[in-house]
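> Output the structure for:
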Amino acid sequence: MTALPRIVGMVHLPPLPGAPRFDGDREALRRRARRDAHTLVDGGVDALLVENYGDAPFYPDEAPAHVVASMTRLVGAVRREVDCPVGVNVLRNDARAAISIAAAAGADFVRVNVHTGARVTDQGVIEGRAHETLRLRDRLDADVSILADADVKHSAPLGAGHGEPIADVVDRGLAAGVVVSGERTGETVATERLTAAAEQCADLDVPLYVGSGVTPETVGETLAVADGVIVGTALKRGGETTAPVDESRVRALVDAA
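Next up is the predicted model:
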């Protein structure tokens, strides 16, 4: 895989049609996605990751057709607006939908929260489906890279000693890159864990991304260890995850990097 860019900015979609908090304005969703995408690119990020963050409570592992349809429309709108790699993450863990959306909308990569192993989450037990995800990508003939989380945030191993070793995510799940994150959205990754993950990824010759807790104050030291960062909360107005992207915050982080 060609290494993904260093700074990936999050396009957090507001609640989509069918979600409990959807406000009824479909066109506003498209305007918000396009505006956040432009603001991130104008601020200097290298790639975008579109995610249905506003859809809580999330479907565990199979988003219904109306979610897939809305996200395909919105990812396509973002893809047409920017000249940089675009990724897709369908929460909580619908990798098949993400691959399908990426293939249809011309996106470049997907993020899969639980690609191998099993995790206990607020949606219940979620099991990785790497065997299905990779075969679907082949059937669709989709040139889409897979970034897979190891010990993803907002979750715990199903049993003691049964987390997802990075080697399993890469060697057995065939992920092209690995994401590590803190325990919750916006929380930092422990230094010891980041260092250990970087050593493993270097041995496996895959890029390592930090998926939470990155700020202008920490991005430099983070990129000294990891290959890239996925940033959302720190780039929003007031540091609120659900707020629109703030270009001054984007530029501050990019300059610090």
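> Could you list the low-pLDDT ranges of the stretch 151-257 of the chain?
Residue ranges of the stretch 151-257 of the chain with pLDDT under 70: 159-164.
> Kindly state the beta-bridge partners for the residue nearest in space to the middle of the chain.
By C-alpha atoms, centre = their mean, the chain has its centre lying nearest to Arg111, at 4.5 Å. Assessed by DSSP bridges, Arg111 has beta-bridge partners Leu147.
> now it: how far from Arg249?
22 Å (C-beta to C-beta, to the nearest Å). No exception for glycine: its C-beta is placed from N, CA and C like everyone else's.
> now swap in Ala97 and tell me
30 Å.
> okay, these two: which has more neighbours?
Taking neighbours as other C-beta atoms under 10 Å, Ala97 and Arg249 compare with Ala97 leading, 24 against 21.
> Now do that one against Pro207, distance only.
In terms of C-beta to C-beta, Ala97 sits 24 Å off from Pro207.
> Any stretches of the stretch 1-150 of the chain with poor pLDDT?
1-4.
> In it, what residue spans correspond to helices?
For the stretch 1-150 of the chain, the helices defined by DSSP state H, counting those that start in this stretch cover 26-43, 65-81, 95-105, 130-140.
> how about CSV for these, with distance to Gly9 added?
Converted to CSV, the helices of the stretch 1-150 of the chain look like this (distance: least, C-beta to C-beta, whole Å):
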stretch, distance to Gly9
helix 26-43, 4
helix 65-81, 11
helix 95-105, 17
helix 130-140, 24
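> between these, which one is nearest to Leu235?
Set against Leu235 and scored by C-beta to C-beta, the helices of the stretch 1-150 of the chain come closest in helix 26-43, at 7.0 Å.
> give me every residue that touches the residue nearest to the centre of the chain.
Residues counted as contacts of Arg111 (C-beta atoms under 8 Å, 6 or more residues apart in numbering) are 49, 51, 87-89, 98, 147-149, 179, 211, 230.
> If we use 7 Å, what do you get?
Arg111 makes contact with 49, 87, 89, 147, 179, according to C-beta atoms under 7 Å, 6 or more residues apart in numbering.
> and the nearest residue to Asp94 once chain neighbours are set aside, how many neighbours?
Once flanking residues are discounted, Asp94 sits nearest to Ala63: 4.4 Å by C-beta to C-beta, 6 or more residues apart in numbering. Neighbour count of Ala63, defined by other C-beta under 10 Å: 25.
> Need phi/psi at Ala63.
phi -70, psi 140 (degrees, to the nearest 10).
> Hmm, it is touching Ala97, no?
Yes. With contacts counted by C-beta atoms under 7 Å, Ala63 reaches Ala97, the gap being 5.0 Å.
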